[in-house]
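Undergrad: Sharing a sequence plus its predicted fold:
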Amino acid sequence: MKEKNITVVSRDDQRRGRTNLEKLRKLTDEEIEASIADDPDWTEEGWSDAVVVVPKKQPISIRIDGDVLDFFKKQGAGYQKRINAVLRSYMDAVRKGKQRA
């Protein structure tokens, strides 16, 4: 199986990107439109019908081996999302018939 680079970012994450947010906030709508018009990769195809889907998370209580929990927690903030991603990956594999439950 190929390894994927997965980056998990949350609102609580204290890391800052290289984006100049202050400069971005000062952009006018006209400047944004001009920037889009100059971008050869920009296309509106497929975006006009786009819908944002946010899956509803359900809080649960689950028993996990201590070493498994420590493994995910040591990777930093967002460990619950990473655990969910691993479970989702397993679920998808089972659904596709690649593994047996």
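TA: Alright, I've got the coordinates. Residues are numbered from 1 along each chain as shown.
Undergrad: Now do the phi/psi pair for Lys88.
TA: For the record, residue 88 is Arg, not Lys. When quoted as degrees, to the nearest 10, the phi and psi of Arg88 stand at phi -60, psi -40.
Undergrad: now it: how far from Pro55?
TA: When distance is defined by C-beta to C-beta, to the nearest Å, Arg88 is 10 Å away from Pro55. C-beta: built from backbone N, CA, C; applies to glycine.
Undergrad: and these two? which has more neighbours close in?
TA: The residue with the greater number of neighbours, taking Arg88 and Pro55 and applying other C-beta atoms under 10 Å, is Arg88; the counts read 11 against 7.
Undergrad: From Gly78, how far off is that one?
TA: With distances taken as C-beta to C-beta, Arg88 is found 14 Å from Gly78.
Undergrad: Within the helices and strands, which one has Ala93?
TA: Taking DSSP states H and E as the definition, Ala93 sits inside helix 79-95.
Undergrad: Which parts of this protein are helices?
TA: Remark: helices assigned in the chain by DSSP state H are 21-26, 29-38, 66-73, 79-95.
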